[in-house]
Every structure is written in C-alpha cells, then in structure tokens.
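> coordinates for the following, if possible.
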Amino acid sequence: QVQLVESGGGLVPAGGSLTLSCAASGQPFSDYAVGWFRQAPGKEREFVSAVTRNGEKTYSSRAVEGRFFISRDNDNNAVYLRMVSLKSEDTAVYYCGASRVYLPNNQGRVGVWGQGTQVTVSS
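Residues are numbered from 1 along each chain as shown. From the prediction side, this is the model:
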C-alpha cells in the first residue's frame, strides 16, 4: 500500500504562512484521494482539507476555508497544504491521509496515515 511522509511544519507567527508537504511512495499515488487533518492537544483529530485523485475537486472545512489551499502533483507523488493568515488556533499536529473514498472529509474514511508534522503559531 501507499506510505506517506509529511514535512514542512514549524513555528510561525500569527498572520504568517507555511506550506506542508505530503510525500507518497508505494502504490500509484493517483489511486488515492488525500486529506489533511489536524489534532491539537486535548482535542480530537479534525478534518482540514481534501483533494480528489486527479486534483479536480477540493474541499476545506469552514475553519480554514479561504486561508488554506490544498493541491497535488501526481507526477511527483505529493500533496501540499498552503496555509496563510495563520492563527494561534491553527496550532496542531497535521496529518495527511490517503483514501479510496472520492473526497475524504472524515478520518474514518482514511486508510493510510502519515506520522504527522507539528505546526505552532505564536500569538
């Protein structure tokens, strides 16, 4: 099956920007839709953004809509999450997940997870 590795996390001031990457290996990446999720301390993992297998459709949660932008590059087996206008409440571990579902907006629809990357937004 596919394996996923996230990168690009770090410490950024409020109002700043960051781009996360999710690199895939193993099975053809274009077989999977991909979602980004996040988990803050003491909270459940929540949906952030998702993209379909060929990238023709994306969907984001209301909390990040207009600030976070998901994209993918199947030729390079990668999915990206561009985050702008970051807020302190965006602080969390961010995970990418691969799914056979058309547009995975629920963690129950994810079959494979990466290890996560920490994003910390200082206020």
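> buried residues in stretch 4-16?
When neighbours are counted by 16 or more other CB atoms under 10 Å, the buried residues of stretch 4-16 are found to be 4, 6, 8-9, 12. In short, each C-beta sits where N, CA and C put it, glycine included.
> let me know how buried the closest residue to Arg109 other than its chain neighbours is, in neighbour terms.
Nearest residue to Arg109, sequence neighbours excluded (CB to CB, 6 or more residues apart in numbering): Val101, at 4.3 Å. Residues near Val101, counting by other CB atoms under 10 Å, number 17.
> wait, Val101 sits on Ala33?
Yes - using CB atoms under 8 Å, Val101 makes contact with Ala33 at a distance of 6.1 Å.
> mutual contacts of the two, please.
Here Val101 and Ala33 share no contacting residue, scored by CB atoms under 8 Å, 6 or more residues apart in numbering.
> and the buried residues of stretch 4-16, which is closest to Arg62?
Of all the buried residues of stretch 4-16, Arg62 sits closest to Val12, with 21.7 Å by CB to CB.
> bridge partners for the closest residue to Phe68 other than its chain neighbours, pull those for me.
Of all residues not flanking Phe68 in the chain, Met83 sits nearest, at 5.0 Å (CB to CB, 6+ apart). Taking DSSP bridges as the rule, Met83 bridges to Leu18, Phe68.
> which residues touch Met83?
By CB under 8 Å, 6+ apart, the residues touching Met83 are 17-20, 64, 67-68, 90, 119.
> got it, and Arg100?
Contact analysis of Arg100 by CB under 8 Å, 6+ apart lists 31-33, 111.
> which of these are buried? Put it as a ChimeraX command.
The ChimeraX command for the buried members of those (criterion: 16+ other CB under 10 Å) is given here:
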select :32,33
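> tell me the pLDDT of the residue nearest the centre of the chain.
Nearest residue to the geometric centre of the chain (CA atoms, centre = their mean): Trp36, 2.4 Å. Note on Trp36: pLDDT of 98.
> cool, thanks, talk later.
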